[in-house]
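Enquirer: here's my sequence, what's the structure:
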Amino acid sequence: MKAIGYYQAGNIDAINALQDIEIATPVATGHDLLIAVQAIAVNPVDAKVRQARQPAEGQPNIIGYDAVGTVKAIGDQVSLFKVGDKVWYAGDITRQGSNAEYQLVDERIVGHKPQSLTDAQAAALPLTIITAWEILFDRLGLPKDGSATDARIMIIGAAGGVGSILVQLAAKLTGAKVIATASRQQSRDWVLSLGADVVIDHSKPLSTELNNAGFDNVTHVISLNHTDSHFDEIVASLQPQGKIALIDDPLQPIDIMKLKLKSISLHWELMFTRSMFATDDMIAQHQLLNEVSQLIDAGTIKSTLGEHYGHINAANLTRAHQQIETNTSVGKIVLEGFVA
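Expert: Okay, the predicted model is just below:
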């Protein structure tokens, strides 16, 4: 089967940073689905893994953590899907990824694709949906019934992939006031179109920007990037007993002692935790993907596809990785189809 992989971790501008290769098609056993991949999206985690994870000698690493495809074969323990089902998923960071014609994925982290979206539109969503959903409802414990009318959620870096879903889920399901941060006009317009109540500029002190927007403080902060740079302002902006959730890898240590006076709690989110550790509630990702699929088909949530980079091949994936590493993407970069 066709795949795109790398033999040497490192810079995307290096020769053969990503290569078109041929490898054997895997065989489904146990809870695995063999999925024919039809569309993929590229995320910051793709670039991070490519930069840091060295493959075994002479073996390629195949990455990719967002996909839409069709079930071609099932393992002997599969009960949630049948051959021919259209599915979407974000995969497992410990296994070979979606930058290949066929991929094995555990059924418990796979959902039924929204019927109302094209493959490309749907491929833009799974990783960010799982991340955003787990932040809001598993980590921060916010309700999904619109009853959090006293909550004020500040989302730092709201125009990116995860932020674009967080804004929609928070605005549509929680009842909270949604305060997004963005520094460019294109980003501001984007998050407002997704349902943000207010947009403030994260290139300026957040607490001052909040006050200028009419808020004394917020109850929740979700920090998606540059948490170390914003940390003091996050603490200043949160009300006592507030909550922080973050997904990034701060370049500098953050001093959690600064949280003590206000009894602020800190919550990490990594959407791969359930699959990496095969947790007892691993099937929660299957369930939430199906739930969001219904929300999309009902018109409640929309795709965050930003740009379509053409067919799935090394040249187009290289260009996508280069763009992701600029940290200026609005919405998601998607690729679709393998050329014979």
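
Enquirer: mind checking the SS state of His220?
Expert: His220 carries the three-state label strand when classified by DSSP: H, G, I helix; E, B strand; the rest coil.

Enquirer: show me what secondary structure element comes after the lengthiest helix in the chain.
Expert: The helix that spans the most residues within the chain, counting by DSSP state H, is helix 284-297. Once the chain leaves helix 284-297, the next helix or strand it forms, by DSSP states H and E, is strand 305-308.

Enquirer: which non-adjacent residue is nearest Gly58?
Expert: With C-beta to C-beta, 6 or more residues apart in numbering as the criterion, Gly58 has its nearest non-adjacent residue at 7.5 Å, and that residue is Tyr7. All C-beta atoms are positioned from the backbone trio N, CA, C, and that covers glycine.

Enquirer: buried ones in the longest helix of the chain?
Expert: 284-286, 288-290, 292-293, 295-296 (16 or more other C-beta atoms under 10 Å).

Enquirer: which stretches in the stretch 201-340 of the chain count as helices?
Expert: With DSSP state H, counting those that start in this stretch, the ranges of helices along the stretch 201-340 of the chain come out as 206-212, 227-237, 273-276, 284-297, 314-324.

Enquirer: who wins for proximity to Arg108 among the ones you listed?
Expert: helix 284-297 (5.2 Å; C-beta to C-beta).

Enquirer: identify the neighbouring strands of the helix or strand bottoming out on mean pLDDT in the chain in the sheet and state each direction.
Expert: Of all helical and strand segments in the chain, the minimum by mean pLDDT, DSSP states H and E falls on strand 305-308, at a mean of 90. Under the criterion DSSP bridges, strand 305-308 sits next to strand 332-336 (parallel) in its sheet.

Enquirer: re earlier: average pLDDT across the longest helix of the chain?
Expert: The average pLDDT for helix 284-297 rounds to 97.

Enquirer: next: stretch 192-211.
Expert: The model assigns stretch 192-211 a mean pLDDT of 96.

Enquirer: CA atoms of that stretch as CSV?
Expert: Only the C-alpha atoms of stretch 192-211 are listed here, as CSV (Å, rounded to 0.1, in the frame of the first residue of the first chain):
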residue,chain,number,x,y,z
LEU,A,192,-16.8,35.6,16.1
SER,A,193,-18.4,33.6,13.2
LEU,A,194,-18.1,30.4,15.4
GLY,A,195,-20.0,31.9,18.3
ALA,A,196,-17.6,33.8,20.5
ASP,A,197,-19.3,36.5,22.5
VAL,A,198,-16.2,38.7,22.8
VAL,A,199,-12.7,38.7,21.3
ILE,A,200,-9.7,40.2,23.0
ASP,A,201,-6.1,40.6,21.9
HIS,A,202,-3.7,38.1,23.4
SER,A,203,-0.7,40.2,22.3
LYS,A,204,-1.7,42.6,25.1
PRO,A,205,-2.1,41.9,28.9
LEU,A,206,-5.1,39.6,29.2
SER,A,207,-6.4,41.1,32.5
THR,A,208,-6.4,44.6,31.0
GLU,A,209,-8.1,43.4,27.8
LEU,A,210,-10.7,41.7,29.9
ASN,A,211,-11.4,44.8,32.0
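
Enquirer: how close does the residue nearest to Gly58 sit to Val218?
Expert: 46 Å (C-beta to C-beta, to the nearest Å).

Enquirer: which of those two has more residues huddled nearby?
Expert: Taking other C-beta atoms under 10 Å, Tyr7 and Val218 do not tie; Val218 has more neighbours (23 against 16).

Enquirer: need the pLDDT of the more buried one.
Expert: Looking at Val218, its pLDDT reads 98.

Enquirer: and what of Ser329?
Expert: Taking Ser329 on its own, its pLDDT is 69.

Enquirer: now do Leu335
Expert: 97.

Enquirer: that one pairs with what?
Expert: Applying DSSP bridges to Leu335, the residues it is bridged with are Ile40.

Enquirer: do I have it right that Val178 meets Ile155?
Expert: Yes - using C-beta atoms under 8 Å, Val178 is in contact with Ile155, at 6.9 Å.

Enquirer: run through the chain and note the low-pLDDT ranges.
Expert: Under the criterion pLDDT under 70, the flagged ranges of the chain are 329, 340.

Enquirer: which residue sits farthest out from the middle of it?
Expert: Centroid-distance maximum for the chain: Leu261 at 32.2 Å, with C-alpha atoms, centre = their mean.

Enquirer: what separates it from Ile12, distance-wise?
Expert: 43 Å.

Enquirer: for Pro55, what are its contacts?
Expert: 5-9, 61 (C-beta atoms under 8 Å, 6 or more residues apart in numbering).

Enquirer: make TSV from these and add secondary structure to it.
Expert: What follows is the contacts of Pro55, written out as TSV (three-state DSSP):
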residue	secondary structure
Gly5	strand
Tyr6	strand
Tyr7	coil
Gln8	coil
Ala9	coil
Asn61	strand
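
Enquirer: can you say which of the residues you listed are buried?
Expert: By neighbour count, with 16+ other C-beta under 10 Å, those hold 5-7, 61 as buried.

Enquirer: for these, which one is nearest Ala36?
Expert: Gly5 (18.0 Å).

Enquirer: quick check, that closest one in contact with Ile21.
Expert: Yes - if you go by C-beta under 8 Å, Gly5 and Ile21 touch, sitting 5.3 Å apart.
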